[in-house]
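Colleague: based on what follows, work out the 3D shape:
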Amino acid sequence: MIASPRTQVGAAATLATLAILWGAIPLFVRNDVPSVALVGVRVTFGALALIGVAVAMRRFEIPKVRRGRLFLSGVLLTLHWITFFESIKLTTIAIALALLYLGPIGAAILSGPILGERVDRRLWWALGIAAVGTLLVVQPWSVGGVTGRGLVMAGLSAAFLAALMIVGKPVAQDLGGLTMAIGELIVASVLLAPATYVALTQHSDHMVNFLILGAAFTGFAGFVYWETMRRLPVAVTSVVMYVEPASAVVWAVVFLAEMPNVIAWAGVALVIVGGMVAATSAPDEEAIGAAAAL
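Modeller: Numbering: from 1, shown residues only. Next up is the predicted model:
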């Protein structure tokens with residue numbers, strides 16, 4: 001699906017808004033709930049919320065195509081979130097984010113040979129600007145707590161994210177964002193059912209956080225993410241998503257009184273510049289080749 005310039009700017013703006021909201025997730029996960037259990041309730045409540053919306057809108061359907069990719073997307077989503085949360089526990093948020101956002105760069109690189117997308121030169125500049133900005137925001141060189149196992153987990157999380165973006169986009173294009181989000185969350189919910197049971201029975205005092213993380217930040221957000229991504233080149237999506245770690249700085253200022261230094265604010269500015277360049281880049285009129293079937 002080739003988006004018009006106006007459609008691309010609108011989709012990028014929607015995605016940026018979503019990334020800003022995702023930046024607030026750390027405010028809801030600072031608790032003693034195990035990572036796997038936390039991911040379990042996220043995907044389960046997210047799936048239930050979206051199923052309810054789809055049934056009410058009479059848009060709930062069982063996919064007839066792309067089932068293999070849809071199942072694989074659910075597996076990749078599960079692995080991505082588990083390894084990301086584990087990397088935070090084993091290192092620091094800064095290190096985990098710095099390595100995690102190598103994933104979008106990998107996805108942008110792979111979008112050409114695998115999906116047949118041509119990446120505008122301006123997008124490579126935007127991606128570089130946003131990546132540098134993110135490093136300035138998280139400043140991984142200024143913190144301790146680095147462990148080999150934590151670095152491995154963060155690297156795996158980045159790899160799973162890149163794979164999810166590449167595998168999932170054709171599914172979202174063919175099935176729509178709502179069906180895509182419901183499908184991957186159902187798969188993840190089944191895989192993590194035992195962990196979800198642990199979260200609900202042993203950590204019920206965090207139920208409000210579970211509902212917010214699941215219904216809003218996972219269910220609704222997942223639908224919006226795939227609905228915008230199906231209209232944008234992977235490279236544009238990759239750049240715009242760098243707004244997430246940058247926005248986390250602002251959320252920390254507002255709710256946690258954690259004032260960043262000048263370098264971090266400069267990083268936020270670079271991420272915003274990169275996102276604006278990506279959003280206003282001209283969409284390609286043709287692909288460089290047929291998308292490969294995974």
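Colleague: give me the low-pLDDT residue ranges for this protein?
Modeller: Within the chain, the stretches with pLDDT under 70 are 1-6, 26-31, 94, 138, 140-146, 252, 256-260, 275, 278-294.
Colleague: list the buried ones in the lengthiest helix in it?
Modeller: The longest helix of the chain (DSSP state H) is helix 148-175. Neighbour-count burial for helix 148-175, counted by 16 or more other CB atoms under 10 Å, picks out 150-175. Every residue, glycine included, has its C-beta placed from N, CA and C.
Colleague: my read is that residue 134 contacts residue 246, right?
Modeller: Yes. Between residue 134 and residue 246 there is a contact under CB atoms under 8 Å: 6.8 Å.
Colleague: okay, and the common contacts of the two?
Modeller: Residues touching both residue 134 and residue 246 (CB atoms under 8 Å, 6 or more residues apart in numbering) are 267, 271.
Colleague: wouldn't residue 42 be in contact with residue 213 here?
Modeller: Yes. Contact criterion CB under 8 Å: residue 42 and residue 213 qualify, at 5.0 Å.
Colleague: who has more neighbours out of these two?
Modeller: residue 42 (30 against 23; other CB atoms under 10 Å).
Colleague: distance of the closest residue in space to residue 33 that isn't next to it in sequence from residue 38?
Modeller: Of all residues beyond its chain neighbours, the one nearest residue 33 is residue 203 (4.8 Å), with distances taken as CB to CB, 6 or more residues apart in numbering. Counting by CB to CB, to the nearest Å, the gap from residue 203 to residue 38 is 9 Å.
Colleague: again with residue 236
Modeller: Separation of residue 236 from residue 38 (CB to CB) stands at 30 Å.
Colleague: which one's more surrounded, those two?
Modeller: More crowded of residue 236 and residue 38, by other CB under 10 Å: residue 236, with 32 against 25.
Colleague: quickly note the distance from the more buried one to residue 247.
Modeller: 18 Å.
Colleague: any residues touching stretch 178-192, and which ones?
Modeller: In contact with stretch 178-192 (CB under 8 Å, 6+ apart) are residues 36, 39-40, 43-44, 46-47, 50-51, 53-54, 59-61, 63, 70-71, 73-75, 77-78, 168, 171-172, 175, 196, 218-219, 222-223, 225-227, 230.
Colleague: mind checking the SS state of residue 58?
Modeller: Secondary structure state of residue 58, per DSSP: H, G, I helix; E, B strand; the rest coil, is coil.
Colleague: my bad, residue 225
Modeller: helix.
Colleague: what sits closest to it if chain neighbours are left out?
Modeller: residue 18 (6.1 Å).
Colleague: ok, now residue 266?
Modeller: residue 136 (5.7 Å).
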